[in-house]
Every structure is written in structure tokens, then in C-alpha cells.
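**Student:** 3D model of this:
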Amino acid sequence: MTSNQIRSMSNRRIPSPLTYLRVSVTKACNLRCCYCMPYRATRGETAPVLAPSEIASLVDAFARNGVTKVRLTGGEPLTRADLPVIARLVARTPGIETFGLTTNGTQFAELARTLAEAGVQMINISLDSLQPEVSRRITGTDALERTLQGIEAAVRCGFRSVKTNTVVMRGINDSEVDTIARFACERGIEPRFIELMPLGRSSDEWRTLYVPAAEIRRALGLTKPLPVTNHSSVRRYKRVDGSGTVGIISPMSESFCGECNRIRLTASGKLKPCLRLPLEEDLRALTHDLDLALRLGEFLRRLGHRKLAGGEAMSSAIRAQAMSYIGG
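**Tutor:** Here you go, the predicted structure:
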């Protein structure tokens, strides 16, 4: 096969079940959330983060391989001063139809308008408590007021969707799920409640803090989920009082591995097919390869079939770095 034929193939969209790419742009964060940062001192990646041009090249290659949705994560993405540049490059990538950002919200009020104008469509903001002392216990800082300001700014700027993310932990914030749900729904926001994963935590502590999805649903008075229209880790429910919609993400008790359509790119350029598997491919060296899309397609086909099938996840041991090293 000639080099021209290879380049022609790399310009075609290659069918793939992996349509959702989460791109971690940094490991750095201004918070120290107990479920995300390392529980004990660990050695994470030391390689420098991808430059905006490298991220743009990789996102374009993923789009040529069937990815239509991108979400920027961290760490905390807003700790990167060049985040608006990255956002503009991703937003104008041919084939990317949906573009979101996950943030802790503490710096979002100042950048909300800039990011909306850059092309970000969807915002997820972490909100693990509405009580200052509980928020301080979870995040290690007095950041709640700034997070609330970020949420209000997101609503004002008119993003396509604004959601809150709450990691539910027994004895810490599990008594607040209904309060947080009402706070969000009153503002036209969809609250999402997430089961705690044992990433970066000792197994004994995780078992003490873990709250299964069924218990979260009971606390919220939720019953039958809404129909699922596409591959998603989220089960959505109408509030029985008609106040809005709630999302539940249950990676532990109700594995959705068999439906998973996502893949992750770490801040230093490692491709990870699954949070729960120690598989990865280093893509950084390929960012200037003329045949990047074709090479990436080969990686995706090789790694994609090794993603866990539904039902295997609960029996598989999780030996992974803290979430901050992987990308949330």
C-alpha cells in the first residue's frame, strides 16, 4: 500500500463503538477532594502535559475514528491558563458534535463567558455538599462559595446543559442528596449522584463510605428510570414531585461496562480504555505522525475489545492510580 493510500484511509471516519473521549488536560487541582486525590503519597505521571496543538491533533484523529463527543477534565482544567485556547481548538474539530467540560467551579465564574464563546456547550460542576464544614472536609479547602458562584455563572451564560456531580459518601454527605437535588432542580440544573469508586483509597475505607445506587434512589424517592436513548453511564429519573430530572451513575453496583462508549486520554498523552484496567498506550510520540488517525484506529481496535464486558467489573480487582492521575 502506498503512503498516499494510507493517508487517504486516515481521512475516512472508521466505524467504532468508542464515540466519547474524555481528555484530561492537567493533573493539577486547587482542591484536594478525598475521593479524587491520592489517599496516601503515591508516584503519579511525571511527564509534561500535552500542548494545545498536541491535544488538537489527537482530538482530530479520534474524530476521524468515530468519536463525536469530547469532554475536558482534570485535575481541574481551569488551572491551565491556556484552557480557552484548547477549548477553541476542540470546538472547531470536524466531527465533534458535543463538547463539554467538568470543573470544580471555583474559578469558573471568571471564565464562564470566555469558555462559552470558545465553543464549550455543556458544563458539569462538582458539588459534594451545600454545608461549608462538610465541603471543607471533602475538598480540603473553603471553596463552597466560589463553587456556588461558578454554578450561577454557568446558568447565566446559557450553556446547552449545566449539571452538578455529587460523589455520595456514607456519614459524610449522604444525608444531603435530597437537598442538593432540590437546589439543582430549582435552577434548571440536572443533579447527578455518583457511587464512590475505590480508586486511590484503601479497600476498608471504601467499604465504609460506599453508598449503592439503590440507596441513593430511595433517599431521592426515585422509581422507574427514563428510557436510555444512547450509550450512557447515567440512568436518569424524573423527580416524583415533578421538580426536575436526576441522574444516577452506578459503576459499582450496576455495572454499565457492556454499554460503555468512552475512552480516556491522560494529561501526558496516554490512551486508557477503562478506569478499571491497567491498559494504556502512549500516543504523545504519534502527534506529528502523518498517519496518526490510522495508527490510532489500530490502537482503538486492539484496546477496545479488552474493555470489560458487563458483569465482569464487579469481580475484577481495581488496581489503579487515583482519579486525579487518570482524568475524571
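**Student:** C-alpha only now, for contacts and for neighbours.
**Tutor:** Fine.
**Student:** quick one: the helices in the chain?
**Tutor:** 3-10, 52-64, 83-91, 108-118, 132-139, 144-156, 177-186, 203-209, 213-220, 292-304, 323-326 (DSSP state H).
**Student:** Point out the most buried one among those helices.
**Tutor:** helix 323-326 (a mean of 25; mean count of other CA atoms under 10 Å).
**Student:** I'd like the average pLDDT over it.
**Tutor:** Averaged over helix 323-326, pLDDT sits at 56.
**Student:** now the stretch 151-300 of the chain, which segments are flagged as low pLDDT?
**Tutor:** Counting by pLDDT under 70, the stretch 151-300 of the chain shows low-confidence ranges at 200-203, 228-232, 256, 258, 276, 278.
**Student:** in it, which spans are strands?
**Tutor:** 161-168, 190-195, 234-238, 245-249, 262-265, 270-272, 281-282 (DSSP state E, counting those that start in this stretch).
**Student:** Can you add distance to residue 123 and give these back as CSV?
**Tutor:** Shown next, in CSV, are the strands of the stretch 151-300 of the chain (distance: least, CA to CA, whole Å):
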stretch, distance to residue 123
strand 161-168, 5
strand 190-195, 11
strand 234-238, 16
strand 245-249, 15
strand 262-265, 18
strand 270-272, 23
strand 281-282, 28
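**Student:** And these: which comes nearest residue 179?
**Tutor:** strand 190-195 (10.6 Å; CA to CA).
**Student:** what sits up against the closest one?
**Tutor:** Here strand 190-195 makes contact (CA atoms under 8 Å, 6 or more residues apart in numbering) with 162-169, 177, 180-181, 184-185, 210-213, 216, 244-252.
**Student:** Each with direction, which strands does it pair with?
**Tutor:** Strand 190-195 has its sheet partners listed here by DSSP bridges as strand 161-168 (parallel), strand 245-249 (parallel).
**Student:** Tell me what angle that strand forms with strand 234-238.
**Tutor:** Computed by axes from the mean of the first three to the mean of the last three CA atoms, to 10 degrees, the angle separating strand 190-195 from strand 234-238 equals 130 degrees.
**Student:** Other residues contacting stretch 108-125?
**Tutor:** So stretch 108-125 is in contact with 78, 84-85, 87-88, 91-92, 98-105, 146-147, 149-154, 157, 159-165, going by CA under 8 Å, 6+ apart.
**Student:** I'd like the distance from it to the chain centre, please.
**Tutor:** Computed by CA atoms, centre = their mean, to the nearest Å, the chain-centroid distance of stretch 108-125 equals 16 Å.
**Student:** Repeat that for stretch 78-86.
**Tutor:** Using CA atoms, centre = their mean, the offset of stretch 78-86 from its chain centre is 17 Å.
**Student:** Just give the nearest non-adjacent residue to residue 88, would you?
**Tutor:** Closest residue to residue 88 apart from its sequence neighbours, by CA to CA, 6 or more residues apart in numbering: residue 118 at 4.8 Å.
**Student:** Kindly give a single ChimeraX line that selects the buried subset of the contacts of strand 190-195.
**Tutor:** Typed into ChimeraX, the line below selects the buried ones among the contacts of strand 190-195, using 16 or more other CA atoms under 10 Å:
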select :162,163,164,165,166,167,168,169,177,180,181,184,185,210,211,212,213,216,244,245,246,247,248,249,250,251,252
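**Student:** will you turn the strands paired with strand 190-195 into a markdown table that also has distance to residue 269?
**Tutor:** Listed next are the strands paired with strand 190-195 as a markdown table, based on distance: least, CA to CA, whole Å:
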| stretch | distance to residue 269 |
| --- | --- |
| strand 161-168 | 25 |
| strand 245-249 | 26 |
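**Student:** related to what we said a few turns ago, nearest approach to residue 74 belongs to which of the strands of the stretch 151-300 of the chain?
**Tutor:** Each of the strands of the stretch 151-300 of the chain has some distance to residue 74 by CA to CA; the shortest is strand 262-265, at 10.4 Å.
**Student:** Next, the residues that contact that closest one from outside, please.
**Tutor:** Taking CA under 8 Å, 6+ apart as the rule, strand 262-265 contacts 18-24, 271-274, 326-327.
**Student:** Need the helices of the chain in a markdown table (columns: distance to residue 239).
**Tutor:** Below are those laid out as a markdown table (distance: least, CA to CA, whole Å):
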| stretch | distance to residue 239 |
| --- | --- |
| helix 3-10 | 46 |
| helix 52-64 | 36 |
| helix 83-91 | 33 |
| helix 108-118 | 28 |
| helix 132-139 | 25 |
| helix 144-156 | 20 |
| helix 177-186 | 9 |
| helix 203-209 | 25 |
| helix 213-220 | 8 |
| helix 292-304 | 36 |
| helix 323-326 | 30 |
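**Student:** That's all I had, so thanks and see you.
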